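show me the folded form of this:
(one chain, ligands or ions: 2)
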Amino acid sequence: MLLVGGEGTRLRPLTLTTPKPMLPVAGTPITIHQITRARDAGVQRIVLGTAYRADVFTDHLGDGSRLGVEIVYAHEETPLGTGGAIRNAAAHLRSDGHEPVLILNGDVLSGVDMAALVDGHVATDAAVTLHLTRVDDPRRYGLVPTDGDGSVRQFLEKPQTPEEIVTDQINAGCYVFRRDVIDAIAPDRVVSVEREVFPALLDSGALIRGVVDTSYWLDLGTPWDFLQGSTDLVRGVAPWDGHQPADFLVLDGAQIAADAVIDNGSTIGPGSHIASGALVRGSVLFADAIIEQGAQVVDSVVGIGACIGAGASVRGAVLGDGVVVRPGAQVAEGERIDPGTVIS
Ligand code: GDD
Ligand code: MG
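Ligands and ions are numbered 1, 2, ... in the order given. Now for the predicted structure:
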């Protein structure tokens, strides 16, 4: 099961039109990177838990046959939270009581061995097995301290006080649930798996296992992490089967002047135009972007059909679809520009 119903507020304005899991990293939606990896690990059938902009998923992914998996949709009219979404999907699961159900947050790039995680889960008959990873600053995530044998002691979602920072191990957003644990979640109401289901399971004495993994891991929830993930894929730092590592990626129908400079893992979206003397560094351009003569785009995300005028400079910024930056104008670090805005 893939959890893809969040609004992606931290990625606005990019998520005003496209839900976060469908934003292209290195030219391919995050969800498709995940589906492909799951398929290669042996997954044949996927339930997509949708809420925000479900139409975009059904339009692009359909029944999954193009990707070699069967996709079905469990839609929430009003978002039910992570636990509510998992419970809502139960009606579409075919597994029996003790069989494993693999569940992924829809905004994570990771190299974890999903098949090994499922195998380890089945061998121990845990209620839930969690993929954990270590990060320098765990405060934005769910902290998961474990005992020496890997059993989870506590679950601390987005801790508010320094005393709660008891570990650098975090929930990596990839779970294996025993089917009957899903059925036991209260139906048809908002439930957080992180704040309610996991703590309640621990209180009841159930076994939750945490498996610390050291392979590549990144949550793409902010524009800066999104850029990191995309450039890591292009440069071969993040796992992407069959991709030849490169300094930049140019998608179908893009046109690039011979003396333009493109580097640091940038992706040039389909149909984009890069004029003479332009620089695109460490950036992601969505489809049909226009970068005019001598313009500079550094560490930035440029929405569909946006136009950066001659000599303009965009650094560390996020431009929504159709934004126009007039010739010579500057967009400063950290700016997020709404779709259709004209900057002069
Ligand atoms: N269907 C559905 N319904 N999906 C939802 C809902 C909902 O109401 N709310 C969130 N989701 C989906 C999002 O689309 C996303 O793919 C996933 O659930 C996680 O939500 P985020 O909003 O990205 O959560 P987070 O990044 O702050 O924290 C979560 O992920 C971290 C790891 O990346 C938590 O699980 C943390 O514990 C974890 O460390
Ligand atoms: Mg997230």
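
so which bits of the host helix or strand of Val118 are buried?
Using DSSP states H and E, Val118 maps to helix 114-124. Buried residues in helix 114-124, counted by 16 or more other C-beta atoms under 10 Å: 114, 117-118, 120-121. In short, each C-beta sits where N, CA and C put it, glycine included.

likewise stretch 285-302?
Within stretch 285-302, the residues that qualify as buried are 285-292, 294-302, counting by 16+ other C-beta under 10 Å.

ok, stretch 46-57 next?
Within stretch 46-57, the residues scored as buried using 16+ other C-beta under 10 Å are 46-54, 56-57.

list the contacts for Gln228?
Each residue near Gln228 by C-beta atoms under 8 Å, 6 or more residues apart in numbering is listed here: Leu218.

switch the cut-off to 10 Å
For Gln228, the contacting residues are 25, 109, 218, 220, 222, 237-238, 265, 282, 299, by C-beta atoms under 10 Å, 6 or more residues apart in numbering.

and it, how far from ligand 2?
Taking C-beta to the ion, to the nearest Å as the measure, Gln228 falls 14 Å from ligand 2.

what does Phe155 give?
Taking C-beta to the ion, one finds Phe155 at 16 Å from ligand 2.

what sits against that residue?
Here Phe155 is in contact with 130, 142-145, 171, 193-202, 208, 210 (C-beta under 10 Å, 6+ apart).

are any of those buried, and which?
Buried members of the contacts of Phe155, scored by 16+ other C-beta under 10 Å, are 130, 142-144, 171, 193-199, 201-202, 208, 210.

identify the farthest-apart pair in those.
By the measure C-beta to C-beta, Glu196 and Gly210 form the most distant pair in the buried ones among the contacts of Phe155, at 18.2 Å.

ok so, going back, which of the buried residues of stretch 46-57 fall in strands?
Of the buried residues of stretch 46-57, the ones assigned to strands by DSSP state E are 46-50.

considering only these, which also neighbour ligand 1?
Subset of those in contact with ligand 1: 49-50, counting by C-beta under 6 Å from any ligand atom.

out of the ones in strands among the buried residues of stretch 46-57, who's nearest ligand 1?
Nearest to ligand 1, judged by C-beta to the nearest ligand atom, of these is Gly49 at 3.6 Å.

if we ignore the residues flanking it in sequence, what's nearest the closest one?
Nearest residue to Gly49 in three dimensions, chain neighbours excluded: Ala85, at 3.9 Å (C-beta to C-beta, 6 or more residues apart in numbering).

can I get the buried residues of stretch 46-57 in JSON lines including distance to Asp149 and pLDDT?
Putting the buried residues of stretch 46-57 into JSON lines (distance: C-beta to C-beta, whole Å; pLDDT from 0 to 100) gives the following:
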{"residue": "Ile46", "distance to Asp149": "32", "pLDDT": "98"}
{"residue": "Val47", "distance to Asp149": "32", "pLDDT": "98"}
{"residue": "Leu48", "distance to Asp149": "34", "pLDDT": "98"}
{"residue": "Gly49", "distance to Asp149": "31", "pLDDT": "98"}
{"residue": "Thr50", "distance to Asp149": "37", "pLDDT": "97"}
{"residue": "Ala51", "distance to Asp149": "37", "pLDDT": "96"}
{"residue": "Tyr52", "distance to Asp149": "39", "pLDDT": "96"}
{"residue": "Arg53", "distance to Asp149": "42", "pLDDT": "95"}
{"residue": "Ala54", "distance to Asp149": "41", "pLDDT": "96"}
{"residue": "Val56", "distance to Asp149": "43", "pLDDT": "96"}
{"residue": "Phe57", "distance to Asp149": "39", "pLDDT": "97"}
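
check which element follows the helix or strand that contains Val297 along the chain.
Per DSSP H and E: Val297 is located in strand 296-298. Toward the C-terminus, strand 296-298 is succeeded by strand 301-302 as the next helix or strand (DSSP H and E).

just checking: what are the partner strands of that next one?
strand 284-285 (parallel), strand 318-319 (parallel) (DSSP bridges).

ok so, going back, now, among the buried residues of stretch 46-57, which is nearest to Gln154?
Distances from Gln154 to the buried residues of stretch 46-57, taken by C-beta to C-beta, are shortest for Gly49, at 25.9 Å.

list the contacts of the helix holding Val118.
34, 37-38, 40-43, 98-102, 104, 113, 126-131, 149-151, 174-178, 207, 209, 211, 213.

ok, then the element right after that helix?
Next along the chain after helix 114-124, taking DSSP H and E as the criterion, comes strand 128-134.

which residues in the stretch 51-200 of the chain form strands?
Under the criterion DSSP state E, counting those that start in this stretch, strands of the stretch 51-200 of the chain are mapped to 70-75, 100-105, 108-110, 128-134, 142-143, 156-157, 169-178.

returning to that earlier point: looking at the strands paired with strand 301-302, which is buried most?
strand 284-285 (a mean of 31; mean count of other C-beta atoms under 10 Å).

need the contact list for the residue in the stretch 151-300 of the chain that ligand 2 sits nearest to.
Of all residues in the stretch 151-300 of the chain, the one sitting closest to ligand 2 is Gly221 (3.9 Å; C-beta to the ion). Residues near Gly221 by C-beta under 10 Å, 6+ apart: 6, 8-11, 20, 105, 107-108, 140-141.

among those, which are in reach of ligand 2?
Counting by C-beta under 5 Å from the ion, Asp107 from those sit close to ligand 2.

tell me which of the contacts of Gly221 is nearest to Leu233?
Val108 (12.9 Å).
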